[in-house]
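Student: Need coordinates for the below:
(one chain, ligands or ions: 1)
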Amino acid sequence: MALYSEKVMDHFRNPRNVGVIEDANGIGEVGNAKCGDIMKMYLKIEDDIIKDVKFETFGCGSAIASSSMATELIKGKPVADAMKLTNKAVTEALDGLPAYKLHCSVLAEEAIQSALNDYYSRKEAEGQK
Ligand code: FES
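Tutor: The predicted structure follows:
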């Protein structure tokens, strides 16, 4: 059996939603201290819907495939659904990752959580003005 599924290879070779959203209202950046990989997520949220999502990943192939798949899974979805996205769901959508690469999908979950937290703290700050 090949080490990586076809879906992983597809999202690694043709990652979806790569880039920056200039007017993002939720930005999250996370890293893994062990491997040194970094992932940055940009969210554009309107009326509690993820209207747009983009990412920049400086990391391994699995991290790129995981971020690409994670963005596809939350795009157009309500914020409440994005909050529930787990690395397990990302891994399953990719038809699996080798055990020692599971942390790459965790990074995608954390990056989205971090961007959502940023969105909520901005909202809170706006409410306090
Ligand atoms: Fe660290 Fe993949 S090896 S994110």
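Student: So which residues of the protein form helices?
Tutor: For the chain, applying DSSP state H gives helices covering 6-13, 61-74, 79-83, 87-93, 102-127.
Student: Out of these, which one sits most buried?
Tutor: helix 61-74 (a mean of 25; mean count of other Cβ atoms under 10 Å). The way it works is simple: take the backbone N, C-alpha and C, and place the C-beta from them, glycine included.
Student: Give me the contact list for that helix.
Tutor: The contact list for helix 61-74 (Cβ atoms under 8 Å, 6 or more residues apart in numbering) reads 4, 7-12, 15-18, 37, 39, 41, 50, 53-55, 57, 81-82, 85, 87, 89-91, 93-94, 97-98, 101, 104-105, 107-109, 111-112.
Student: give me the subset of those residues touching the ligand.
Tutor: Applying Cβ under 6 Å from any ligand atom to the contacts of helix 61-74, one finds that 37, 101, 104, 107 fall near the ligand.
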